[in-house]
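> missing the sequence, but the structure's below:
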Ligand SMILES: Cc1ncc(C[n+]2csc(CCOP(=O)(O)OP(=O)(O)O)c2C)c(N)n1
Ligand SMILES: Cc1ncc(C[n+]2csc(CCOP(=O)(O)OP(=O)(O)O)c2C)c(N)n1
Ligand SMILES: [Mg+2]
Ligand SMILES: [Mg+2]
């Protein structure tokens, strides 16, 4: 990571980790807009517990990037006031479960301020949350909180699954005048890949077909995109052609992209780490069914975490959806065609 | 309301408001079990802003029923410690939106303590929440928070729609060794009816078919049961026979009762006040579809609040589901049979 | 005057006895008991009086209209005018106010038009005014949450180098919330230019302060954040004005936050739907009604010959006119457009939300509903 | 000794200088500087020493095993033994402890077996012991949340008339959370028999206390709740033991809560995955390593002829044996039954959860996975 601000193109040409891509996005935003500030627990000199803000205090100073007191409601609550005064704060919740103390501020204010004030006060706040499991975290370090946020009108909720998206989506989130919950799949922070993509990056509110297929639409996001792709590989060996969708945006939901795929395949399944009951997959399944019922050859399946608290590290592998479990679930469909 | 403890039968024989039924349930529980305590904001001498705890401090003393400091996280957090020491605390959140400061304590502790301790520490806590709209409440006084709780493994979430259920379900919730989120439809507090029911009351984890029908299964709970029944009346005029289910228990979900109905009718719709996106209805629709796909003649419909913050009082009627809107939604199904 | 507490090392506990500049009898407190704080000038005192008279009348009128069903609810600030008006008049136009549901008269005194203030209580929209225009945030309902917004805005102003200050009201009950603590603490660390005005009216709905905290007084919290704390007679508008002015001045010049506890009393029910007979003696209420902040100042002004019958009458007339105008405004049916419900949730249009809007539009057309 | 603060009216601010009974040199502080607090007896001091030696060795061993990958993470309390052991030994068996992730040595000293303590860090189950059996709550991760549980349990004991007390640890960083405030405030109002031991090790991961609060010291918070607050040298186990004992005694006899700030230092990284070179000078760490609480007490005991080479060696041996036993325990593979994941979520079986359990059972059978 250089201390110079790099152009997006330069950033995107190099193979970067997702951590570095996120760092670059914040770095570029800080350089571009003096109203962008970053604060939270340990985001200053330490660079955050995942080092996503590495070097930013050093390069932009304590007035732009700083350590706040340890209080999530305080962090989000003050960000609201900052945004009311023209700032564009980016705040970090150290883990999903540690965003819960800020729940009231997020649900009752961040989400509602613009509506409350008849559009007069927008809150351009980005709340970054390292999400989900897969890193052997101790209790409270592996929650997936997306269902709480996506059910809350007024929030925009997005999650990248790869470094290129991490860069472009975080840039767009920071530029957004609406508050964005930005879920970062922590198990992917060290995923490295070329961030070069042909053409313009996809807007953050659009889903991407990341692998084409004809038999099944597998809908994934954040950490489960890699699982879906691995499933598609495995399925290909058995001549099952899976189309994989990376939702990218959880709220809003890209009905157009998903609907087009499901109308082609006639079958859909959704994968996530969070518990199944009332999970985000329920919305995906319900709305696909509402909109595409007569195109569906089988019910939309949900392959998700179980309806139990996230397990201790040594047991998480039994909880997380994996390709075998997904394929097994798909095999329960009647395949009479 | 007499100051004597009445037998459940006596209580159930009289026409009571839901408020009085809830009051009786707590009164009887206090009399029966010295470990039952009640506290929260204004639940003491005032009897709560809805008077649900009316007279309980007077009759059981400040050691059993008292006003706590004004802090929801504190109320729930201390209830956890009380329950660890053998108490059975009943706490009141003044409105759904004011439970949000307690979100972390509820999601990270109330829901998880038993699992965390391998079953060694159960938390017999009842968190009473006056829920939903319909009373012209100012901002933050009409939220429906059920989707947040039902997505959280470890919680039991129930909601009565009538005085008889209010009594029996609250009694059962207090007796439960698992923590219960008890959602009280505030628009129904003054609903008065005989609480007499034939036979034993239904256990709180079972749904009830509150009106039989043959063409459509209309799934409702709490404040929308009355709406569903009114819809069925209206539909009957048009010779559409609607079966109405009152879920009563939101978590767990009574797949058996709902499934049996849907298999009979082949069509289902779910009604709630909360926003549609990621709402509880998504789970209802998704699981019915998963389980009964080949019995369904049409997609499961959701008639819900819009994906906007709950409106100001004069506009709530445009937001809340009503019979006309529900019938209109049902008319969008293809009815070729 | 100066609030001389500069470094946290020298911050002590506030005096138990609340600061008072004008006694209940209307006489001025002896200079040596004024703790170095001067009485505001004559013009200021007269203006404080005038605005309190207007506010009282306004509040009374709203309460009456609420009883008539014109508003769904209204939390009156009767008897708390000293804290409300003393604070707002101490502010400059560029300063920001973060009020609660209780502080409608403060918002009114900031210059927000009546129908815009009462929008939320009447029920046509949650917040009726433009916060940016009036530098007045929406009246917060979730307790203590606004204190954090206030600290954030104050800090933003400091970061941008704008010499403004922020004031926020917080109830005695609300100080028990975690957010109150976080707000005090963030303000301390960030040296935010903010003044927290605790309106200690001794009740949180039905709960008296003794069940709310075991602290001697709420201003004792300040020292735990390295912030100066003051205990002020909340029915003495001169004292409130003087202390808040000084604290705002400190804030604007970079000396950081102040916590000011105004000791007062909620003489009215919590809102129109409350029943105080269930939890408190009416004799206490009577006692405090007699401690009326407006009459106290009037006694002083009269004794000094600054307020005669004529002036008094002119203020009353002004208040009466304002009340009449307000009544007319509120008696008019509010213009409501149900479809506006979908307009402000996001900056960016969402197709699925558009569908919901269109569905409602269809219903309205079918019913031939009048839409403005 | 007595902590004589009885009524909130007389509660003042704690002395800025932390209370110390034994100097770093090992000499006893002059009686008149001891603020009426007596040095614990010889047996107690020796036992405090012995348990600190064992705890230090245990902590070192766990840290080593973590480096070898046997545990996923471990937050060491090295250097904080005085606060940890001083508190726990001041407790009675019937008292309850509410520890955090940092307080494994306190839990160990309460008598919880090693493998049960480390269950969560190794990753076989979140909490490995029976809280009721050991009157020791699970180690809390969400900061400050446990302080409220502790207040609740203490209040329940008071309501039931049981003369027990509760102690809870809370980090300096965690005091910024809303829950810390609510816990202090509830404890004050409810006169809960509880002692809050603030382990001020001056860092919250990378954030130094100066960015956490502007207060002179954390014990200054106490007065704002009408609770006595004490500032204690957190590396002087004699002082910690004496003050905590007195506070627990007050609590048991109905005199309510106490807040005790132990001033210490986190000499190790936050956990094994932390990199302190990014945020602090190693010279500070060296300074504090020299202020070792165990060596300080040893110097005193030796100078008094209470601790000779032989006794010292026997303690070391005991510690060594415990460490060896622990290593063996941890090197054994934990017994894991994935299906147990479904057993404890609810008391009442849920059919849908049973389906999920059966699905996993099917997978395990298919893979022929070993299950214990
Ligand atoms: C977080 C939250 N909890 C509960 C409430 C419900 N409530 C509204 S006003 C009130 C009492 C507030 O008392 P206080 O802070 O003293 O202010 P006052 O009404 O006396 O001005 C309560 C409990 C709320 N608005 N927000
Ligand atoms: C609510 C919450 N927010 C954030 C975290 C992440 N976190 C774990 S430990 C820690 C620092 C705590 O510092 P302190 O309270 O001083 O305790 P110490 O680690 O120094 O013992 C943080 C931020 C958490 N566990 N809980
Ligand atoms: Mg009050
Ligand atoms: Mg610390």
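Yep, it's here. On a predicted model such as this, the values are computed, not experimentally measured, just so you know. Ligands and ions are numbered 1, 2, ... in the order given.

> so how far is chain C from the single nearest residue of chain A relative to chain D?
Here chain A gets closest to chain D at one residue, residue A:313, 3.0 Å apart by CB to the nearest CB. Backbone N, C-alpha and C define where each C-beta goes, glycine included. In this view, residue A:313 and chain C are 30 Å apart by CB to the nearest CB, to the nearest Å.

> Wait, that residue touches residue A:141, no?
No - between residue A:313 and residue A:141 there is no contact, the gap being 9.1 Å when judged by CB atoms under 8 Å.

> I'd like the next helix or strand past the one helix or strand residue A:79 maps to.
Using DSSP states H and E, residue A:79 maps to helix A:72-84. Scanning forward in sequence from helix A:72-84 by DSSP H and E, the next helix or strand is strand A:88-92.

> check contacts around residue A:127.
A:76, A:79, A:91, A:93, A:99, A:102, A:106, A:110, A:179-182 (CB atoms under 8 Å, 6 or more residues apart in numbering or on different chains).

> re the thing from before, and the residue of chain A closest to chain D, its phi and psi?
Backbone torsions for residue A:313, taken as degrees, to the nearest 10, come to phi -50, psi -50.

> Residue 267: neighbour count?
I went with chain A, as the question did not name one. Residue A:267 has 23 neighbouring residues, counting by other CB atoms under 10 Å in any protein chain shown.

> my bad, chain C
Residue C:267 is flanked by 21 other residues according to other CB under 10 Å.

> That one and chain A: what is the separation?
30 Å.

> Next one: the nearest residue to that residue once chain neighbours are set aside from residue C:283, what distance?
Using CB to CB, 6 or more residues apart in numbering or on different chains and skipping the chain neighbours, the partner closest in space to residue C:267 is residue C:79 (4.0 Å). Separation of residue C:79 from residue C:283 (CB to CB, to the nearest Å): 15 Å.

> which one of those two has more residues nearby?
Each of residue C:79 and residue C:283 has its neighbours counted (other CB under 10 Å); residue C:79 has more, 24 against 8.

> Surely the more buried one is in contact with residue C:264?
Yes - the pair residue C:79 and residue C:264 passes the contact test of CB under 8 Å, sitting 6.6 Å apart.

> got any residues that touch both of these two?
Overlap between the contact sets of residue C:79 and residue C:264, as judged by CB under 8 Å, 6+ apart, is given by C:201, C:235, C:293.

> Which strand or helix spans the second one?
Taking DSSP H and E as the definition, residue C:235 sits outside all helices and strands.

> follow-up on the earlier one: kindly indicate which of the shared contacts of residue C:79 and residue C:264 lies nearest ligand 2.
Of all those, residue C:201 has the smallest distance to ligand 2: 32.5 Å, by CB to the nearest ligand atom.

> ok, that closest one - how many residues close by?
25.

> Just the local confidence number for it, please.
pLDDT, residue C:201: 98.

> Where does the prediction get shaky in the stretch 151-300 of chain A?
For the stretch 151-300 of chain A, the stretches flagged by pLDDT under 70 are A:195-198.

> now the stretch 251-372 of chain C
C:369-372.

> give me that answer again for 80
C:367-372 (pLDDT under 80).

> So which of the contacts of residue A:127 wins on neighbours?
In those, the most neighbours by other CB under 10 Å go to residue A:79, 34 neighbours.

> is it true that it touches residue A:91?
Yes - counting by CB under 8 Å, residue A:79 does reach residue A:91; the two are 5.1 Å apart.

> tell me, what's touching the two both at once?
Jointly contacting residue A:79 and residue A:91 under the rule CB under 8 Å, 6+ apart are A:125, A:127.

> measure residue C:54 to ligand 4 for me?
According to CB to the ion, to the nearest Å, residue C:54 stands 52 Å off from ligand 4.

> pLDDT (mean, whole number) over the helix or strand containing that residue?
Under the criterion of DSSP H and E, residue C:54 resides in helix C:42-67. For helix C:42-67, mean pLDDT is 97.

> for that helix, packing partners?
helix C:81-90, helix C:104-109, helix C:237-252, helix C:293-303, helix C:309-331 (3 or more CB pairs under 8 Å, 6 or more residues apart in numbering or on different chains; DSSP states H and E).

> how about TSV for these, with mean neighbour count and distance to chain D added?
As requested, those are exported to TSV (neighbours: other CB atoms under 10 Å in any protein chain shown; distance: least, CB to the nearest CB, whole Å):
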stretch	mean neighbour count	distance to chain D
helix C:81-90	29	20
helix C:104-109	26	26
helix C:237-252	25	14
helix C:293-303	20	27
helix C:309-331	15	38
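
> Same list, those helices, but as TSV with distance to residue D:325 please.
Compiled in TSV, the helices and strands packed on helix C:42-67 are given as follows (distance: least, CB to CB, whole Å):
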stretch	distance to residue D:325
helix C:81-90	65
helix C:104-109	67
helix C:237-252	60
helix C:293-303	72
helix C:309-331	78
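
> between the ones you listed, which one is nearest to ligand 2?
Closest to ligand 2 of the helices and strands packed on helix C:42-67 is helix C:237-252 (CB to the nearest ligand atom; 29.2 Å).

> Can you tell me the SS state at the residue of the stretch 201-350 of chain C found nearest ligand 2?
Going by CB to the nearest ligand atom, ligand 2 is nearest to residue C:224 of the stretch 201-350 of chain C, at 16.5 Å. The three-state assignment at residue C:224 reads helix, by DSSP: H, G, I helix; E, B strand; the rest coil.

> distance of it from residue D:225?
9 Å.

> The two: who's more crowded?
The neighbour comparison of residue C:224 against residue D:225 (other CB under 10 Å) goes to residue C:224, with 32 against 28.

> Once you drop chain neighbours, what's closest to residue 78?
I'll assume chain A. residue C:152 (3.3 Å).

> Chain C is the one I meant
In space, and not counting its chain neighbours, residue C:78 is closest to residue C:268: 4.9 Å by CB to CB, 6+ apart.
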